[in-house]
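Trainee: sharing a model that was predicted from the sequence below.
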Amino acid sequence: MSKHTILFACGHIADAEVEGSEYEKKQKLIYLKICGRCPDCEKKYRENRGATSGEDR
């Protein structure tokens, strides 16, 4: 497992731990830079998603 500081797609900079083969690590880092949310934005997204899905029921 390796730790990297990344500029996520959301525009925030945060550390991310990436594991796997060298190829898998490289692919994961590319994904996080293009499509990924930083841990704080991901948490907010999941909270909002949970709140809205609860209203549908």
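Mentor: Received it, and whenever you're ready, just let me know what you need.
Trainee: just the helices in the chain please.
Mentor: 22-35, 39-55 (DSSP state H).
Trainee: which one of those has the poorest average confidence?
Mentor: When the helices of the chain are ranked by mean pLDDT, helix 39-55 comes last with a mean of 84.
Trainee: send me it as CSV with only the CA atoms.
Mentor: Extracted in CSV, the C-alpha atoms of helix 39-55 (Å, rounded to 0.1, in the frame of the first residue of the first chain):
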residue,chain,number,x,y,z
PRO,A,39,-12.8,12.1,1.7
ASP,A,40,-14.7,15.1,2.9
CYS,A,41,-16.7,15.5,-0.3
GLU,A,42,-17.4,11.8,-0.4
LYS,A,43,-18.7,11.9,3.1
LYS,A,44,-21.0,14.8,2.3
TYR,A,45,-22.2,13.1,-0.9
ARG,A,46,-23.1,9.9,1.0
GLU,A,47,-24.9,11.9,3.7
ASN,A,48,-26.9,13.8,1.1
ARG,A,49,-27.6,10.7,-0.8
GLY,A,50,-28.8,8.9,2.3
ALA,A,51,-31.1,11.8,3.2
THR,A,52,-32.7,12.0,-0.2
SER,A,53,-33.2,8.2,-0.6
GLY,A,54,-35.0,8.2,2.8
GLU,A,55,-37.5,10.8,1.5
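Trainee: buried stuff in that helix?
Mentor: Neighbour-count burial for helix 39-55, with 16 or more other CB atoms under 10 Å as criterion, is recorded at Cys41. Using the backbone N, CA and C atoms, a C-beta is placed for each residue, glycine as well.
Trainee: cool, and stretch 13-27?
Mentor: Using 16+ other CB under 10 Å as the test for burial, stretch 13-27 gives Ala14, Ala16, Val18.
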